[in-house]
Each structure stands twice: as C-alpha cells, then as structure tokens.
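**Q** Could you work out the structure for the sequence below:
(one chain, ligands or ions: 1)
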Amino acid sequence: MTIPVLTIDGPSGAGKGTVSRQVAKQLGWHYLDSGSIYRSLAIALLQNNVNPAQVGDIVNTARNMDLAFDCTGELEVTLNGIDITPQLGTESTGNMASKIAALPEVRQVLLQKQKDFKKLPGLVADGRDMGTIVFPEANPKIFLTASAEERAVRRYKQLMEKGIDVNIRQITSEIEERDRRDKERAIAPLVPAEDAFFIDSSAMTINEVIAQVLSLVPQHRSA
Ligand code: C5P
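**A** The predicted structure follows:
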C-alpha cells in the first residue's frame with residue numbers, strides 16, 4: 001500500500017514547523033521535523049565533547065544517537081535517555097546544526113533515520129531537502145518561504161515571548177548567514193523541487209497557510 005507523504009521545505013522562520021504540525025494533526029498523519037535531527041546531533045557533539053573538525057567522530061556520534069520524538073504536543077526530544085527539548089530551539093544549536101548539515105557523510109548517515117518516519121496512514125515532513133532528496137515520491141511538495149525581514153521579526157517576537165532578550169539586527173544577519181549556508185552548500189542545498197508549489201507566507205496568517213496546504217492534499221480533498 002502506498003504511504004502518502006507531504007513535504008514542506010523552505011528557509012528557517014517561514015512557518016514550516018507550525019504549519020506542518022497543524023497539517024499533520026488535521027490529517028491524522030505522522031510528523032517529521034527533520035531539522036530537529038540535525039539539531040540533536042549538534043547537541044550530541046557538545047555532550048560528548050566531539051571536536052567539530054573531526055568528521056569521522058561526528059559520523060560515529062550520528063550513527064550512535066538514540067533519539068526518541070514525542071510529537072503529541074509541542075515536540076519533545078530525548079537523546080540517549082536525556083530530555084534535550086530546552087536546548088533544541090536555541091540559535092546556537094541551529095547555527096551549529098547548519099554547519100554539520102553541510103557534511104555529506106553526516107547527511108548520508110541521517111538519511112535512513114528520516115526515511116523511517118514514513119509510516120501509515122501518512123507523513124508530513126518538514127525541512128530543506130524533504131521533497132528533493134529524502135522523499136522525492138512525495139505529493140504534494142510545498143516550498144514555504146517569507147522575506148528575510150518578516151522571518152527575523154517573527155523569530156524576534158518568539159524569543160522575546162520566551163523572555164530571551166535579543167537584538168533584531170543580529171537575528172536578521174544570523175538568518176541571512178544561515179540561508180546563505182543552506183542554499184550554497186554542495187550537497188542537498190535548499191532548493192525547491194521542480195514540482196513544488198510555492199507559498200509565500202510574508203503577508204499570510206498561519207491559518208491561511210494551513211488552509212492552502214490542505215487544499216493541495218488529495219486525501220484531504222476527497223475526505
Ligand atoms: O529547520 P531547522 O532550523 O530546525 O534546521 C536547522 C538546520 O538543520 C538548518 O539550518 C539546516 O542547515 C539543517 N537542515 C538540513 N536539512 C533538513 C533540515 C535541516 O540541512 N532537512
């Protein structure tokens with residue numbers, strides 16, 4: 001039996017996480033937040049004092065990660081029995097994740113871990129290369145984007161709500177730097193799949209984006 005997959009790729013801060021979680025919930029499908037796998041590896045390297053210049057050690061750490069995801073509410077992640085949810089969303093974890101994500105050997109090891117999320121009744125997968133590399137068979141594939149300024153403002157508000165005092169100019173330059181790294185890397189760069197639907201969320205509410213994504217899902221339309 002074919003397992004349906006919906007992919008949502010795009011740059012950080014475009015709303016992929018919120019939209020994907022809600023869409024998965026409404027469809028009753030599983031959810032893969034692939035960025036959290038790269039983020040978990042970044043945390044594992046810190047926990048194990050791995051030298052980020054030693055690719056072999058990074059790959060071994062990636063192979064031996066025992067990860068458990070709980071997506072029933074806000075995503076909770078356990079790494080080798082330790083709850084790493086609080087560290088997962090920080091800017092430094094995201095930046096470190098984006099550096100190690102540029103290593104082909106790392107992407108290769110993490111590929112199967114991501115494919116294993118594909119289970120009945122279906123999967124919503126969010127990331128950078130979900131529609132191009134990990135699930136090329138997906139239908140539909142969405143490329144969700146927003147202007148760098150809008151993404152920086154959203155991130156700024158999110159961090160301020162959490163009581164983290166940040167500087168908007170610094171956030172904007174970090175977002176631009178991470179976009180550049182993700183787009184320019186040699187392997188699995190952030191590019192839309194040829195058959196992707198584009199959604200620019202800059203001037204849209206989250207509910208409008210969710211409704212548009214759901215309208216593209218054949219199983220939802222026929223329900
Ligand atoms: O989506 P998120 O911000 O959690 O991702 C953190 C980093 O992990 C990204 O900046 C990107 O470099 C990397 N990533 C990736 N491929 C994915 C998901 C995330 O390279 N499918």
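**Q** Just the residues contacting the lowest-mean-pLDDT helix or strand in the chain, thanks.
**A** In the chain, no helix or strand scores lower on mean pLDDT, DSSP states H and E than helix 218-221, which sits at a mean of 78. Helix 218-221 has contacts (C-beta atoms under 8 Å, 6 or more residues apart in numbering) with 4, 26-27, 122, 139, 214-215. To be clear about C-beta, it is placed using only N, CA and C from the backbone, and glycine gets the same treatment.
**Q** and the two most separated of those?
**A** Pairwise distances across the contacts of helix 218-221 peak at 17.5 Å for Gln26 and Asn139 (criterion: C-beta to C-beta).
**Q** in the helix or strand hosting Gln112, what's buried?
**A** Here Gln112, judged by DSSP states H and E, is contained in helix 104-115. The neighbour-count check on helix 104-115 (16 or more other C-beta atoms under 10 Å) flags 106-107, 109-110, 113-114 as buried.
**Q** Same question for stretch 208-223.
**A** Neighbour-count burial for stretch 208-223, counted by 16+ other C-beta under 10 Å, picks out 209-210, 212-214, 217.
**Q** And for stretch 89-106?
**A** So, applying 16+ other C-beta under 10 Å, buried residues of stretch 89-106: 89, 91, 93-94, 96-98, 100-103, 106.
**Q** Can that stretch be said to contact the ligand?
**A** Yes. Stretch 89-106 reaches the ligand (C-beta under 6 Å from any ligand atom) through 94, 97-98, 101.
**Q** mean confidence score for that stretch?
**A** The average pLDDT for stretch 89-106 rounds to 91.
**Q** where does it sit relative to the chain's centre, distance-wise?
**A** Here stretch 89-106 shows a centroid-to-chain-centroid distance of 11 Å under the convention C-alpha atoms, centre = their mean, to the nearest Å.
**Q** What of stretch 92-109?
**A** The chain centre lies 12 Å from the centre of stretch 92-109; the measure is C-alpha atoms, centre = their mean.
**Q** who's in contact with it?
**A** Contacts of stretch 92-109 (C-beta under 8 Å, 6+ apart): 12, 35, 38-39, 41-43, 45-46, 52, 55, 58-59, 62-63, 87, 128, 174, 177-178, 181-182, 185-188.
**Q** Only the buried subset of these, as a ChimeraX command please.
**A** Buried members of the contacts of stretch 92-109, defined by 16+ other C-beta under 10 Å, are picked up in ChimeraX with:
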select :12,35,38,39,41,42,43,45,58,59,62,87,128,174,178,181,182,185,188
